[in-house]
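Trainee: Test case, fold it:
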Amino acid sequence: MRPKLLYIFFIIIPLFIAGCNISNDHSSEKNKQAVSDKEEAKQTVIRYLKALNDNDYDEQLQYLSTRKRGEFEQDWVKRKEQNCMVKYEYVKIINITPDESEKTKVGYMKHGGGQLTKPVDFASFDVDFEYKIIHPEVDKKKLNYSFDLIKEKENEPWKIDDWGISWDNVPPPD
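Mentor: Numbering: from 1, shown residues only. Next comes the predicted model:
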């Protein structure tokens, strides 16, 4: 009886404990990856707003989804034809917080751009920012926009697919 207890105590229990630690390491690794992935989505918003601040049209385009890029380019052509190009004096980020609510995701997927793009992954951020436009002249304004980001395909970078007021401010459909 004593050799069995020693066997259990010195062999089985340490292997069991080691196995638990290994599985915990995998789950913490997945959590780190998820955090870094969402951090990359946040960085996309920051880079886009920096490009806006720099009035860098080409740089802005690289952070937009295929759908949003098409809309953006059409708007750009119209503004250019009308000699009404927007030029920012500055864009200053005040705060960025992730919006992980189910309402936001469902709103985007069922009633927003998600029904068209069918993204692989989705993230949303509430962004408080301040801006001033030189041309056409607009005094300093503060806004709170929701930026919806997607991955159009697996292993692609995050792209901004929509922005504007958050889904909390949109009435439910009839």
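
Trainee: contacts, neighbours, all on C-alpha from now
Mentor: Noted.

Trainee: what residue ranges in the protein score low on pLDDT?
Mentor: 1-35, 166-174 (pLDDT under 70).

Trainee: ok, residue 91 - how many residues close by?
Mentor: Neighbourhood size, residue 91 [other CA atoms under 10 Å]: 21.

Trainee: Quick check: bridge partners of it?
Mentor: Residues in a beta bridge with residue 91, per DSSP bridges, are residue 131.

Trainee: And it, how far from residue 157?
Mentor: Going from residue 91 to residue 157 by CA to CA, to the nearest Å gives 23 Å.

Trainee: three-state assignment of the residue nearest to residue 124 when sequence neighbours are not counted?
Mentor: Sequence neighbours aside, residue 148 is the residue nearest to residue 124 in space, at 4.5 Å (criterion: CA to CA, 6 or more residues apart in numbering). Assigned with DSSP: H, G, I helix; E, B strand; the rest coil, residue 148 falls in the strand class.

Trainee: pretty sure residue 148 contacts residue 158?
Mentor: No - look at residue 148 against residue 158 with CA atoms under 8 Å: they stay out of range, at 9.9 Å.

Trainee: Would you map the helices across the protein?
Mentor: Residue ranges of the helices in the chain, as given by DSSP state H, are 2-7, 13-53, 57-61, 66-81, 102-106, 114-117.

Trainee: Provide a list of residues in contact with residue 115.
Mentor: Taking CA atoms under 8 Å, 6 or more residues apart in numbering, we find residue 115 in contact with 108, 109.
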